[in-house]
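Chemist: structure, please.
(2 chains, ligands or ions: 1)
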Amino acid sequence: MAECSEISLMLGPFEDGELEPHEMQEVARHLARCPNCENLLQEYAAIGRQLRSLAAEATLPTSEEFAMGVDARIRKLRLPWRERLALVFDGWSGQFGAALGSMVVAASAAILTVFLMTPLTRNYFNSNRQAPATSLARVETTVGEQPQQLASAETPAAVSTPGNSQAIISRLESNIPSVALWSAPQDGTTVIWLPEQQQ
Amino acid sequence: MLAWRVNLTLLAVVLLAMAAQGVSVAAGNGVPARINLHVDSVVASDTHEGVDTRLRGMDKRLRSLFNYSTYRLISHQDGHTECGKLISFMLPGGRILHIQPRAVEGGMIAMELVLFQGARPLMTTDLKLKNHGVLIVGGPRYEQGMLIISIGADADNGNSLSSVPTASVNDH
Ligand SMILES: [Zn+2]
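Modeler: Here you go, the predicted structure:
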């Protein structure tokens, strides 16, 4: 059985349902046997409730007020020179017509081509392509881990309680994230423990 | 001619199915097993008041499973049903327990068990419980402690089987 000091560190994330499935079970199982930690959990839950009610009371701006505020701040921002130049070109193209507009497009295309051909820029693009590749690999790893987590989350359901157990459980479903299941070694009494948590 | 043959085949299938059902009833002596259920609702807390004297039979089991200093019996209920018939027990704090035995085989009673908090299911489980065995479901809070529900079941081929599942309640 885990020590109270270890468990007490996990109570906050436990209350929020943020632990790994096996940790949720470990804490739930400890709580079933330990009134001290159970009391501590109730204190955490009470603090959580107070915080939520405080957050609910706090006045937040309406979405229109928020949008107007963002608009006003954007208008105050100094424009970078490139965008100012673009605005000037826009004005010109309005004045001098489509011919000048197409010249600007051609010039931009030429500059872009030169930029792409430079080895330096090729490196720049390569390094930029690699960055998402690694983050993609990380996503794949996470996806790869998920079935394992699910499998352990379903463990209580799959456990055919061992040896001298009085009950064999073939299915156990609950939306409580930390259901614990164990059998007493003495007489094989099977226990299903459903810690009450905020959903 | 073909229609006749199809009809005869269908008749044969129906007769076979009826015969099989008759055999299965005979195997169980024609009397469905009566399932007796015993549900004790206990509240466990840490107020150092010891174990309720009415829990004498459960005393050792509770102490071996949990570490609370007080165990108080809230209610004891006995119910009788049979395989396929659901029986429900009202538990403290607006919880409801549904038990539906499915079969009795090899000294085990297969059953489905659903625990509700009001209309919301808290847990659903399929299990096989040893004849005269006990399952404990606990965890929901009640008053100043935790609710522990002890569910005992035994099967017999009683002849005094009532047609409707019944539950008698002893509230303490
Ligand atoms: Zn503890």
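
Chemist: what segments of chain B are helices?
Modeler: With DSSP state H, the ranges of helices along chain B come out as B:2-27, B:59-65.

Chemist: who's in contact with the residue of chain B found nearest the ion?
Modeler: Closest contact between chain B and the ion, by C-beta to the ion, is at residue B:67 (8.7 Å). The C-beta positions use only the backbone N, C-alpha and C, and glycine is treated the same way. Residue B:67 makes contacts with A:33, A:34, A:35, as judged by C-beta atoms under 8 Å, 6 or more residues apart in numbering or on different chains.

Chemist: nearest residue to the first one in space, please, no chain neighbours.
Modeler: Meaning residue A:33. residue B:67 (4.4 Å; C-beta to C-beta, 6 or more residues apart in numbering or on different chains).

Chemist: and that neighbour, how far is that from residue B:108?
Modeler: For residue B:67, the distance to residue B:108 (C-beta to C-beta, to the nearest Å) stands at 30 Å.

Chemist: okay, the most centrally placed residue in chain B: pLDDT?
Modeler: What sits nearest the mean C-alpha location of chain B, by C-alpha atoms, centre = their mean, is residue B:99, with 4.3 Å. According to the prediction, residue B:99 has pLDDT 97.

Chemist: same check, this time on residue B:74
Modeler: 95.

Chemist: the one 4 residues further on now?
Modeler: Note for residue B:78: predicted pLDDT of 97.

Chemist: one step back: weakest of the helices of chain B in terms of mean pLDDT?
Modeler: helix B:2-27 (a mean of 49).

Chemist: which residues of chain B score low on pLDDT?
Modeler: B:1-31, B:157-172 (pLDDT under 70).

Chemist: now the strands for it?
Modeler: Along chain B, counting by DSSP state E, strands occupy B:34-45, B:50-51, B:70-82, B:87-91, B:95-105, B:108-117, B:120-130, B:133-142, B:145-156, B:166-171.

Chemist: select, out of the ones you listed, the one closest to residue A:42.
Modeler: Among the strands of chain B, strand B:133-142 comes nearest to residue A:42, with 8.1 Å by C-beta to C-beta.

Chemist: from the chain's centroid, how far away is the closest one?
Modeler: 13 Å (C-alpha atoms, centre = their mean, to the nearest Å).

Chemist: and that strand, what's buried?
Modeler: Within strand B:133-142, the residues that qualify as buried are B:133, B:134, B:135, B:136, B:137, B:138, B:139, B:140, B:142, counting by 16 or more other C-beta atoms under 10 Å in any protein chain shown.

Chemist: name the helices or strands packed onto that strand?
Modeler: helix A:21-33, strand A:190-193, strand B:108-117, strand B:120-130, strand B:145-156 (3 or more C-beta pairs under 8 Å, 6 or more residues apart in numbering or on different chains; DSSP states H and E).

Chemist: could you give the angle of that strand to strand B:34-45?
Modeler: Interaxial angle, strand B:133-142 versus strand B:34-45 (axes from the mean of the first three to the mean of the last three C-alpha atoms, to 10 degrees): 40 degrees.

Chemist: can you list contacts of strand B:133-142?
Modeler: A:28, A:32, A:166-167, A:176, A:188-196, B:43-44, B:61, B:65-66, B:74, B:92-93, B:95, B:97, B:113, B:115, B:117, B:122-123, B:127, B:129, B:146-153.

Chemist: paired strands for that strand, with orientation please.
Modeler: In the sheet, strand B:133-142 lines up against strand A:190-193 (parallel), strand B:145-156 (antiparallel) (DSSP bridges).

Chemist: which of those sits closest to residue A:181?
Modeler: strand A:190-193 (5.6 Å).

Chemist: burial of residue A:175, as a residue count?
Modeler: 11 (other C-beta atoms under 10 Å in any protein chain shown).

Chemist: quick check on it: phi, psi?
Modeler: phi -90, psi 10 (degrees, to the nearest 10).

Chemist: mind listing what's buried along stretch B:51-64?
Modeler: B:51, B:52, B:55, B:58, B:61, B:62.

Chemist: quick one: residues in contact with that stretch.
Modeler: A:184, A:186-187, A:189, B:40, B:42, B:44, B:68, B:70-73, B:76, B:134, B:148, B:150, B:172.

Chemist: one more time with 10 Å, if that's ok
Modeler: A:184-187, A:189, B:40, B:42-44, B:50, B:65, B:68-74, B:76, B:134, B:136, B:148, B:150, B:152, B:170, B:172 (C-beta atoms under 10 Å, 6 or more residues apart in numbering or on different chains).

Chemist: select the longest strand from chain A.
Modeler: Looking across chain A with DSSP E, the single longest strand is strand A:167-173.

Chemist: any idea which helix or strand comes after it?
Modeler: Tracing the chain past strand A:167-173, the next element assigned as helix or strand by DSSP states H and E is strand A:180-183.

Chemist: in its sheet, what does that following strand sit against?
Modeler: Going by DSSP bridges, the partners of strand A:180-183 are strand A:190-193 (antiparallel).

Chemist: can you give me the mean pLDDT across the partner strand?
Modeler: 90.

Chemist: tell me how many other residues crowd residue B:48.
Modeler: 8.

Chemist: who's in contact with the closest residue to it other than its chain neighbours?
Modeler: Excluding the flanking residues, the one nearest residue B:48 by C-beta to C-beta, 6+ apart is residue B:69, at 4.5 Å. Applying C-beta under 10 Å, 6+ apart to residue B:69 gives the contacts A:35, B:44, B:45, B:46, B:47, B:48, B:49, B:50, B:51, B:63.

Chemist: the third one contacts residue B:146, correct?
Modeler: So the one you mean is residue B:45. Yes: with contact defined as C-beta atoms under 10 Å, residue B:45 counts as touching residue B:146 (7.3 Å).
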